[in-house]
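Undergrad: here is a sequence together with a model predicted from it:
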Amino acid sequence: LAKQLAARGIDPATTPRRSKLGRIARGSTDGVLPSAELSRIVALPRRDWRTDPDTPAVVAAMTALYKTPGGTMTLLPHQAWALLEAEDHGGLFGDIPVGEGKTLISFLLPRTGPYLRPMLLLPGNLAGAKTEREFGALSAHWHGHPTYRVVSFELLGSPKAGPELLETYMPDCLVIDEAHGFKNPGAGRTKRLMAFIEEYGPEGRGVLKRVFTMSGTYHEDSLT
(Lines give C-alpha, C1' and ligand atoms only; values in the text may rest on other atoms or scores of the structure.)
Protein backbone atom coordinates (compact mmCIF):
# COMPACT_ATOMS: atom_id res chain seq x y z
CA LEU A 1 0.00 0.00 0.00
CA ALA A 2 2.79 2.40 0.92
CA LYS A 3 4.52 1.82 -2.44
CA GLN A 4 1.29 2.36 -4.37
CA LEU A 5 0.53 5.57 -2.53
CA ALA A 6 4.08 6.85 -2.95
CA ALA A 7 3.90 6.20 -6.69
CA ARG A 8 0.86 8.46 -6.80
CA GLY A 9 2.46 11.12 -4.63
CA ILE A 10 0.02 10.54 -1.75
CA ASP A 11 1.02 10.86 1.89
CA PRO A 12 -1.44 8.97 4.17
CA ALA A 13 -0.47 11.23 7.08
CA THR A 14 -1.99 14.20 5.29
CA THR A 15 -5.10 12.37 4.06
CA PRO A 16 -8.35 13.51 5.76
CA ARG A 17 -9.19 11.12 8.60
CA ARG A 18 -12.82 10.79 7.48
CA SER A 19 -11.91 9.81 3.91
CA LYS A 20 -11.98 6.17 2.84
CA LEU A 21 -8.19 6.10 2.48
CA GLY A 22 -7.76 7.73 5.86
CA ARG A 23 -9.91 5.09 7.59
CA ILE A 24 -8.09 2.23 5.86
CA ALA A 25 -4.63 3.63 6.58
CA ARG A 26 -5.47 3.98 10.28
CA GLY A 27 -7.11 0.55 10.47
CA SER A 28 -4.19 -1.53 9.28
CA THR A 29 -0.57 -1.08 8.29
CA ASP A 30 -1.30 -3.43 5.35
CA GLY A 31 -4.10 -1.21 4.09
CA VAL A 32 -6.89 -3.72 4.81
CA LEU A 33 -9.22 -3.53 7.79
CA PRO A 34 -9.11 -6.62 10.08
CA SER A 35 -12.02 -9.02 9.69
CA ALA A 36 -12.88 -12.71 9.92
CA GLU A 37 -13.03 -12.87 6.12
CA LEU A 38 -9.55 -11.36 5.83
CA SER A 39 -8.21 -13.93 8.29
CA ARG A 40 -9.77 -16.72 6.23
CA ILE A 41 -8.20 -15.40 3.02
CA VAL A 42 -4.75 -14.91 4.58
CA ALA A 43 -4.84 -18.50 5.86
CA LEU A 44 -5.47 -20.00 2.40
CA PRO A 45 -2.58 -22.10 1.07
CA ARG A 46 -0.53 -20.43 -1.64
CA ARG A 47 1.52 -21.69 -4.52
CA ASP A 48 4.17 -19.71 -6.36
CA TRP A 49 4.21 -21.40 -9.76
CA ARG A 50 7.15 -19.21 -10.81
CA THR A 51 9.46 -20.99 -8.38
CA ASP A 52 7.66 -24.33 -7.95
CA PRO A 53 10.04 -27.10 -9.15
CA ASP A 54 7.05 -29.08 -10.49
CA THR A 55 6.01 -26.35 -12.95
CA PRO A 56 7.76 -27.78 -16.06
CA ALA A 57 6.25 -31.21 -15.43
CA VAL A 58 2.80 -29.74 -14.83
CA VAL A 59 2.97 -27.75 -18.08
CA ALA A 60 4.02 -30.84 -20.05
CA ALA A 61 1.40 -33.10 -18.48
CA MET A 62 -1.54 -30.69 -18.78
CA THR A 63 -0.61 -29.71 -22.34
CA ALA A 64 -0.50 -33.37 -23.37
CA LEU A 65 -3.82 -34.04 -21.64
CA TYR A 66 -5.82 -31.34 -23.40
CA LYS A 67 -4.03 -30.86 -26.73
CA THR A 68 -5.47 -32.25 -29.96
CA PRO A 69 -3.30 -34.65 -32.01
CA GLY A 70 -2.44 -31.85 -34.44
CA GLY A 71 -2.21 -29.10 -31.84
CA THR A 72 0.94 -27.01 -31.73
CA MET A 73 0.22 -24.71 -28.79
CA THR A 74 1.63 -25.14 -25.27
CA LEU A 75 -0.01 -24.03 -22.05
CA LEU A 76 1.60 -21.21 -20.14
CA PRO A 77 2.66 -22.17 -16.60
CA HIS A 78 -0.17 -20.30 -14.85
CA GLN A 79 -2.70 -21.79 -17.29
CA ALA A 80 -1.47 -25.32 -16.58
CA TRP A 81 -1.57 -24.78 -12.82
CA ALA A 82 -5.05 -23.23 -12.99
CA LEU A 83 -6.41 -26.28 -14.79
CA LEU A 84 -4.63 -28.69 -12.45
CA GLU A 85 -5.94 -26.89 -9.37
CA ALA A 86 -9.44 -26.94 -10.89
CA GLU A 87 -9.12 -30.71 -11.34
CA ASP A 88 -7.64 -31.40 -7.92
CA HIS A 89 -9.78 -29.03 -5.86
CA GLY A 90 -12.94 -28.68 -7.91
CA GLY A 91 -12.89 -24.91 -8.14
CA LEU A 92 -10.96 -21.89 -9.31
CA PHE A 93 -10.59 -18.31 -8.11
CA GLY A 94 -8.54 -17.06 -11.02
CA ASP A 95 -7.03 -13.68 -10.16
CA ILE A 96 -5.47 -13.41 -13.61
CA PRO A 97 -4.61 -10.06 -15.25
CA VAL A 98 -6.03 -8.96 -18.59
CA GLY A 99 -4.14 -10.44 -21.52
CA GLU A 100 -2.74 -13.41 -19.59
CA GLY A 101 -4.73 -16.17 -21.29
CA LYS A 102 -8.04 -16.45 -19.45
CA THR A 103 -9.83 -17.32 -22.71
CA LEU A 104 -7.93 -20.59 -23.09
CA ILE A 105 -8.45 -21.44 -19.43
CA SER A 106 -12.20 -20.82 -19.74
CA PHE A 107 -12.24 -22.92 -22.93
CA LEU A 108 -10.69 -25.90 -21.14
CA LEU A 109 -12.24 -25.67 -17.65
CA PRO A 110 -15.30 -27.81 -18.55
CA ARG A 111 -12.84 -30.59 -19.41
CA THR A 112 -11.50 -30.72 -15.85
CA GLY A 113 -14.45 -32.80 -14.64
CA PRO A 114 -17.33 -35.01 -15.81
CA TYR A 115 -19.54 -32.06 -16.75
CA LEU A 116 -22.37 -32.51 -19.24
CA ARG A 117 -23.88 -29.02 -19.46
CA PRO A 118 -21.20 -26.36 -18.89
CA MET A 119 -22.08 -22.68 -19.27
CA LEU A 120 -19.74 -19.72 -19.72
CA LEU A 121 -20.91 -16.31 -18.51
CA LEU A 122 -19.26 -13.29 -20.17
CA PRO A 123 -19.85 -9.56 -20.61
CA GLY A 124 -21.93 -8.79 -23.69
CA ASN A 125 -19.01 -7.35 -25.66
CA LEU A 126 -17.19 -10.68 -25.34
CA ALA A 127 -20.02 -13.21 -25.50
CA GLY A 128 -20.80 -12.95 -29.22
CA ALA A 129 -18.71 -13.28 -32.35
CA LYS A 130 -15.41 -12.53 -30.57
CA THR A 131 -15.58 -15.56 -28.29
CA GLU A 132 -16.97 -17.71 -31.11
CA ARG A 133 -13.96 -16.87 -33.27
CA GLU A 134 -11.49 -17.41 -30.45
CA PHE A 135 -13.01 -20.73 -29.43
CA GLY A 136 -13.05 -21.84 -33.06
CA ALA A 137 -9.33 -21.08 -33.37
CA LEU A 138 -8.53 -22.81 -30.08
CA SER A 139 -10.42 -25.96 -31.10
CA ALA A 140 -7.71 -26.66 -33.68
CA HIS A 141 -5.22 -27.08 -30.85
CA TRP A 142 -7.27 -28.09 -27.80
CA HIS A 143 -10.12 -30.42 -26.90
CA GLY A 144 -13.11 -28.22 -26.14
CA HIS A 145 -16.46 -29.29 -24.70
CA PRO A 146 -19.16 -30.15 -27.28
CA THR A 147 -22.10 -28.74 -25.31
CA TYR A 148 -20.48 -25.58 -23.95
CA ARG A 149 -23.04 -22.74 -23.93
CA VAL A 150 -21.98 -19.08 -23.85
CA VAL A 151 -24.33 -16.53 -22.23
CA SER A 152 -23.85 -12.80 -21.73
CA PHE A 153 -24.23 -11.06 -18.37
CA GLU A 154 -26.80 -8.77 -19.97
CA LEU A 155 -28.98 -11.66 -21.17
CA LEU A 156 -28.87 -13.23 -17.73
CA GLY A 157 -29.97 -9.92 -16.23
CA SER A 158 -32.76 -9.36 -18.76
CA PRO A 159 -36.22 -9.23 -17.10
CA LYS A 160 -37.68 -11.01 -20.13
CA ALA A 161 -35.13 -13.73 -20.95
CA GLY A 162 -33.14 -13.98 -17.72
CA PRO A 163 -35.56 -15.54 -15.21
CA GLU A 164 -35.70 -18.98 -16.87
CA LEU A 165 -32.33 -18.98 -18.62
CA LEU A 166 -30.38 -20.98 -16.04
CA GLU A 167 -33.31 -23.22 -15.13
CA THR A 168 -33.91 -24.13 -18.78
CA TYR A 169 -30.34 -25.21 -19.54
CA MET A 170 -29.66 -26.34 -15.97
CA PRO A 171 -25.84 -26.11 -16.12
CA ASP A 172 -23.82 -28.51 -14.00
CA CYS A 173 -20.72 -26.31 -14.38
CA LEU A 174 -20.50 -22.52 -14.48
CA VAL A 175 -17.44 -20.65 -15.73
CA ILE A 176 -17.61 -16.90 -15.05
CA ASP A 177 -15.06 -14.71 -16.81
CA GLU A 178 -14.73 -11.06 -15.73
CA ALA A 179 -16.50 -12.17 -12.55
CA HIS A 180 -16.27 -8.68 -11.05
CA GLY A 181 -19.34 -8.03 -13.21
CA PHE A 182 -21.37 -9.63 -10.42
CA LYS A 183 -19.98 -7.50 -7.61
CA ASN A 184 -23.23 -5.56 -7.16
CA PRO A 185 -25.44 -7.74 -4.93
CA GLY A 186 -28.47 -5.66 -5.83
CA ALA A 187 -28.20 -6.19 -9.60
CA GLY A 188 -30.78 -8.47 -11.22
CA ARG A 189 -28.17 -10.75 -12.77
CA THR A 190 -26.35 -11.16 -9.46
CA LYS A 191 -29.55 -12.02 -7.61
CA ARG A 192 -30.50 -14.49 -10.34
CA LEU A 193 -27.09 -16.16 -10.31
CA MET A 194 -26.86 -16.42 -6.53
CA ALA A 195 -30.41 -17.76 -6.27
CA PHE A 196 -29.55 -20.49 -8.79
CA ILE A 197 -26.33 -21.42 -7.00
CA GLU A 198 -28.13 -21.56 -3.66
CA GLU A 199 -30.96 -23.74 -4.96
CA TYR A 200 -29.09 -26.00 -7.38
CA GLY A 201 -25.49 -25.91 -6.09
CA PRO A 202 -23.71 -28.53 -3.96
CA GLU A 203 -25.49 -27.38 -0.81
CA GLY A 204 -28.87 -27.40 -2.57
CA ARG A 205 -30.18 -29.90 -5.10
CA GLY A 206 -26.68 -30.76 -6.29
CA VAL A 207 -27.32 -30.21 -10.01
CA LEU A 208 -24.63 -27.50 -10.26
CA LYS A 209 -21.37 -29.25 -9.39
CA ARG A 210 -18.80 -26.46 -9.77
CA VAL A 211 -18.43 -22.71 -10.21
CA PHE A 212 -15.17 -21.34 -11.63
CA THR A 213 -14.49 -17.59 -11.63
CA MET A 214 -11.79 -15.43 -13.18
CA SER A 215 -11.05 -11.72 -13.30
CA GLY A 216 -8.13 -9.34 -13.53
CA THR A 217 -9.94 -6.80 -11.37
CA TYR A 218 -11.47 -8.70 -8.46
CA HIS A 219 -10.19 -6.16 -5.96
CA GLU A 220 -10.23 -2.64 -7.35
CA ASP A 221 -10.88 -1.43 -3.81
CA SER A 222 -11.07 -4.58 -1.69
CA LEU A 223 -11.59 -8.34 -1.86
CA THR A 224 -15.17 -7.88 -0.65
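TA: Sure, I can see it. Remember, it's a predicted structure, so these values are computed and weren't measured experimentally.
Undergrad: if you count contacts, what does the helix or strand harbouring Arg189 end up packed against?
TA: Element membership for Arg189, per DSSP states H and E: helix 188-200. With contacts taken as 3 or more C-beta pairs under 8 Å, 6 or more residues apart in numbering; DSSP states H and E, helix 188-200 sits against helix 153-157, helix 165-169. Heads up, the C-betas are built off the backbone N, CA and C, glycines and all.
Undergrad: quick one: low-confidence parts of the chain?
TA: 1, 17-18, 23-33, 219-224 (pLDDT under 70).
Undergrad: contacts for the helix or strand containing Ala86 next, please.
TA: Element membership for Ala86, per DSSP H and E: helix 77-89. Helix 77-89 has contacts (C-beta atoms under 8 Å, 6 or more residues apart in numbering) with 47, 49-50, 52, 55, 58-59, 61-63, 66, 75, 92, 94, 96, 100-101, 104-105, 108-109, 112-113, 210, 212.
Undergrad: narrow those to just the buried residues.
TA: 49, 55, 58-59, 62-63, 66, 75, 92, 94, 96, 104-105, 108-109, 112, 210, 212 (16 or more other C-beta atoms under 10 Å).
Undergrad: can I take it that Met214 is in a helix?
TA: No - counting by DSSP: H, G, I helix; E, B strand; the rest coil, Met214 falls outside a helix, being strand.
Undergrad: which residues does it contact?
TA: Contacts of Met214 by C-beta under 8 Å, 6+ apart are Leu92, Gly94, Asp95, Ile96, Lys102, Ile105, Ser106, Val175, Ile176, Asp177, Glu178, Ala179.
Undergrad: give me phi/psi at the closest residue to it other than its chain neighbours?
TA: The shortest distance from Met214 to any non-neighbouring residue, by C-beta to C-beta, 6 or more residues apart in numbering, is to Gly94 (3.5 Å). Torsion angles at Gly94 (phi, psi; degrees, to the nearest 10) stand at phi -90, psi 90.
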